[in-house]
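Q: sequence first, then the predicted structure:
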Amino acid sequence: MPIINRIADFHDEMTAWRRHLHAHPETAFEERDTAAFVAARLESFGIEVERGIAGTGVVGTLRGAQPGPRAIMLRADMDALHIAEQNGFAHVSQAPGRMHACGHDGHTAMLLGAAKHLAETRNFAGTIHFVFQPAEENEGGARVMIEQGVFEKYPVDAAFGMHNWPELPAGHFAIRPGPMMAAFDIFEITINGRGGHAAMPHLTVDPIVAAAQLVNAVQTIASRTTHPLDSAVVSVTQIHGGDTWNVIPESVVVRGTTRAFSPAVRDQIETALRRIAEAVGAGCGAAIEWRYERRYPPTLNAPAETEAAAAAAAAIVGAGNVERAPVPSMGAEDFAFFLERPPGAYIWIGNGSAAAGGMLHSPHYDFNDAILPIGASYWVRLAETVLAKNAAATPG
Ligand code: NI
């Protein structure tokens, strides 16, 4: 079964939505015009709308033609990134320094397209909550929606998410049970030494030398501390210290991020990083200030929902185009917070080759409008399967 015909009919409309959103990107928790755009579309389809969850989050609720006890969440993210777009097409960002470089404009347009079709047909039993979340990037908009009671107000039996994936060809999907995306934590290590004249280093405690040793030493965490078959990343991404040629600074700040799939490895990384930082500091005679924050949990797909998602994808693009064992990404995804509550599944939809469309977060990226009806059709098939009318008689 290919793309749903009725959805193909409004491919142009979805493209216009997507390009409007692309031209007017808004970043974390500032998605005011985007949320208003989404809410107005949902209401025009006859869907009940609540605005303002987590500031700019929107939830649309649609009941099927047949009553049923089950409810599901279909989620899209709405936020853009702080990136200066370098594309030249007509729908280029009109907001300086902001850009839809991760395709959340496309995610929003695909879920709106699915909502339009499902509102016309209501060919399911039970309830669908369309969740348009703010601040997927960095700021944990999903976590804030949960803190503000989204699951108490809109209880669901399963939650589903989707992200475009430039490395996958258009017309393909990829999904696996278990980890899809990694846990994401951040660290900040301040090395406090004793500043002084660069020509008299013996009178100082040099935090720059300590920082250099620290950066090297943390490379042993993934290679020497964790099991060779476990996945772990420790990346130092910032070093700040010093102002001029002939002064050894008082302190240096080292920042970075860590990634893991399992809670045990996550704990191991944090423990080892702290031990190494304190030992390097002690070895150099410097004092260490330590800050470590757990940001996003790993994105873990539940087996039954993964099967349902893979079957829905196969119904649209054919089983041969649904990759069932993709290598998980060490990137992170805010949808992970939703998956800590009900079971669910998160799928990648092919966005075409990276060379053609640009990598995620590249200033040359653009969402591939050709896949809008594929993604919208997937959402519809998934909802109609998970909330199948003939299944409504059996309590779920
Ligand atoms: Ni994204």
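A: Structure received.

Q: now do the contacts for residue 256.
A: 186-187, 234-238 (CB atoms under 8 Å, 6 or more residues apart in numbering). Heads up, the C-betas are built off the backbone N, CA and C, glycines and all.

Q: redo that, cut-off 6 Å
A: 187, 235-237 (CB atoms under 6 Å, 6 or more residues apart in numbering).

Q: so how far is residue 301 from the residue most central in space within the chain?
A: Taking CA atoms, centre = their mean as the criterion, residue 333 is the residue nearest the geometric centre of the chain, at 2.9 Å. Going from residue 333 to residue 301 by CB to CB, to the nearest Å gives 11 Å.

Q: select the longest helix from this structure.
A: As assigned by DSSP state H, the longest helix anywhere in the chain is helix 263-284.

Q: list the buried ones in it?
A: For helix 263-284, the neighbour count (16 or more other CB atoms under 10 Å) marks 265-266, 268-270, 272-273, 276-277, 280-281, 284 as buried.

Q: give me the mean pLDDT for stretch 208-228.
A: Averaging pLDDT along stretch 208-228 yields 97.

Q: now do the buried residues in that stretch.
A: 208-211, 213-214, 217-218, 221-222, 225-226.

Q: relative to the whole chain's centre, how far out is that stretch?
A: Centroid displacement of stretch 208-228 relative to its chain, using CA atoms, centre = their mean, to the nearest Å, is 28 Å.

Q: who touches that stretch?
A: 191, 232, 234, 236, 239, 241, 252, 254, 265, 268-269, 272, 276, 280, 284, 286.

Q: run the last query once more with 8 Å
A: So stretch 208-228 is contacted by 189, 191, 193, 232-234, 236, 239, 241-242, 248-249, 252, 254, 260, 265, 268-269, 272-273, 276-277, 279-281, 283-284, 286 (CB under 8 Å, 6+ apart).

Q: neighbours of residue 299, just the number please.
A: Using other CB atoms under 10 Å, residue 299 has 30 neighbouring residues.

Q: past the worst-scoring helix or strand of the chain on mean pLDDT, which element shows up next along the chain?
A: In the chain, no helix or strand scores lower on mean pLDDT, DSSP states H and E than helix 354-357, which sits at a mean of 62. Downstream of helix 354-357, the first helix or strand assigned by DSSP states H and E is helix 372-386.

Q: helices and strands around that following helix, which ones?
A: Judged by 3 or more CB pairs under 8 Å, 6 or more residues apart in numbering; DSSP states H and E, helix 372-386 is in contact with helix 5-9, helix 11-23, strand 66-77, helix 104-121, strand 158-165, helix 303-317, strand 344-350.

Q: who are the packing partners of the third one?
A: Read that as strand 66-77. On a contact count with 3+ CB pairs under 8 Å, 6+ apart, strand 66-77 meets helix 104-121, strand 125-133, strand 158-165, helix 335-339, helix 372-386.

Q: for it, which positions count as buried?
A: Buried, per 16+ other CB under 10 Å, within strand 66-77: 66, 68, 70-77.

Q: before I go, just wanted to say thanks for your time.
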